[in-house]
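> sequence and predicted structure below; questions after.
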Amino acid sequence: MNSIDKTLYPTVPTRLLAGVIVPDTRIVTSAIEFAREHCEPYLFNHSMRSWLFSAALAQLKNASHDPEVLAVSTLLHDIGLVQEFSGPLRFEVEGANAAREFARTLGMEDRQAQLIWDGVALNSTPSIGLHKEPEVALCTAGIGLDWGGFGYEMLAPALIGSIVDAYPRLDMKQAFTHAVCRIVEARPDTTYDNFARDFGERLVPGYKRPSAVDLLMDAPFKE
């Protein structure tokens, strides 16, 4: 084990990565390599930054959590954007299914695998994710920080700079926008009840989501 303050991670080996103490285990290494193998460079870097931000926030808050669950869920949170893992469901659910299966192949327990599923599925729904178990909430917070700058002021500018220098953004804003718009165009019915609809309404010609009011009023029941 490295000679690093292990107050938060007393039972796992750790290392220092871009200024952040992170777990250094077979499971975490496998998740990093899985993300690197399947994601475009911008998406891999986004996943790495999100994980490092989530770990830094955990340490800032001294939040007790399973560091391997947090690592896997954060590192694989956008795997549903990858063509290989795309399917008929909204991309977060496709990604959650893939991440849970990945966790099971590594021998993680059912409870761990389910928390990973929750972290991936809910990462873009902070109004829910931030109020779940610590692993899910930290995953959501780290991703939100990298994606939209939510909680940016909580971390020291030098630490943020170190993480971004280690894993550059690579035009993340534009690349992510193109990825979401591809889903809006190909599978619009998976975007009506989530953030992807905002991209569709602003950037995809002809996109129109159904109104929840109409769905209620058109329900096949007599009043």
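Okay, I see it. Numbers count the residues shown, from 1 in each chain.

> what's the helix or strand for the residue nearest the centre of the chain?
By CA atoms, centre = their mean, the chain has its centre lying nearest to H77, at 3.2 Å. For H77, there is no helix or strand it lies in under DSSP states H and E.

> for L89, grab phi and psi.
L89 adopts backbone torsions of phi -90, psi 170, taken as degrees, to the nearest 10.

> what's the neighbour count on the closest residue in space to it that isn't next to it in sequence?
Counting by CB to CB, 6 or more residues apart in numbering, the nearest residue to L89 once its immediate chain neighbours are dropped is T190, at 6.4 Å. The way it works is simple: take the backbone N, C-alpha and C, and place the C-beta from them, glycine included. As a burial measure, T190 scores 22 neighbours (other CB atoms under 10 Å).

> one more: A35?
So A35, with other CB under 10 Å, has 25 neighbours.

> so it touches L75, yeah?
Yes - at 4.8 Å, A35 and L75 qualify as touching, with contact defined as CB atoms under 8 Å.

> any idea which helix or strand in the protein has the lowest mean pLDDT?
Lowest on mean pLDDT, DSSP states H and E among the helices and strands of the chain sits helix 212-217, with a mean of 93.

> contacts for stretch 199-206, please.
Residues outside stretch 199-206 that contact it (CB atoms under 8 Å, 6 or more residues apart in numbering) are T177, V180, C181, V184, E185, P188, T191, Y207, K208, R209.
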